[in-house]
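In: following is a predicted model, sequence given first.
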Amino acid sequence: MTFYFVSNRIYLQYRKLLENKQISFPQVLDWVEIRLKELKNKVMPKYIRNSGKQWSTQEERQLSQLAQINTPTRVIGLKLGRPENGVRSKASEIGVSL
């Protein structure tokens with residue numbers, strides 16, 4: 001059921017292009033096939049390996065340093081192995097502006 005929903009949703013995104021003859025049906029099918037392969041191969045990042053664990057002083061320092069150079073919260077989370085919300089929460093707790 002999920003596979004059908006995703007493929008149908010992707011097709012509907014390009015239905016208007018198809019109706020307006022801005023793209024041909026075989027092109028839509030090719031694009032849908034490529035998009036489905038991308039979705040199938042998409043791997044969730046393993047940034048939650050430290051989720052729920054205590055923060056070390058070194059991690060807090062690294063968070064502060066990365067925040068000072070305007071590193072995106074998602075990137076900080078990936079580098080520290082923490083979820084984005086955990087990074088935001090800790091930053092707020094230690095007074096670091098993201």
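Out: Now that the structure is in, tell me what you want to look at. Residues are numbered from 1 along each chain as shown.
In: neighbours of Trp55, just the number please.
Out: For Trp55, the count of nearby residues is 18 (other Cβ atoms under 10 Å). Every C-beta, even on glycine, is put in place using the N, C-alpha and C of the backbone.
In: now it: phi and psi?
Out: Backbone torsions of Trp55, given as degrees, to the nearest 10, read phi -80, psi 130.
In: count of neighbours near the closest residue to it other than its chain neighbours?
Out: Using Cβ to Cβ, 6 or more residues apart in numbering and skipping the chain neighbours, the partner closest in space to Trp55 is Lys90 (5.7 Å). Residues near Lys90, counting by other Cβ under 10 Å, number 17.
In: what packs against the helix or strand harbouring Lys90?
Out: Assigned by DSSP states H and E, Lys90 belongs to helix 84-94. Taking 3 or more Cβ pairs under 8 Å, 6 or more residues apart in numbering; DSSP states H and E as contact, the helices and strands that helix 84-94 lies on are helix 57-68, helix 73-80.
In: pick the most buried one from these.
Out: Stretch with highest mean neighbour count among the helices and strands packed on helix 84-94: helix 73-80 (a mean of 18; mean count of other Cβ atoms under 10 Å).
In: can you list contacts of it?
Out: Outside helix 73-80, the residues that touch it by Cβ atoms under 8 Å, 6 or more residues apart in numbering are 45, 47, 50, 59, 62-63, 66-67, 71, 82-84, 86-88, 98.
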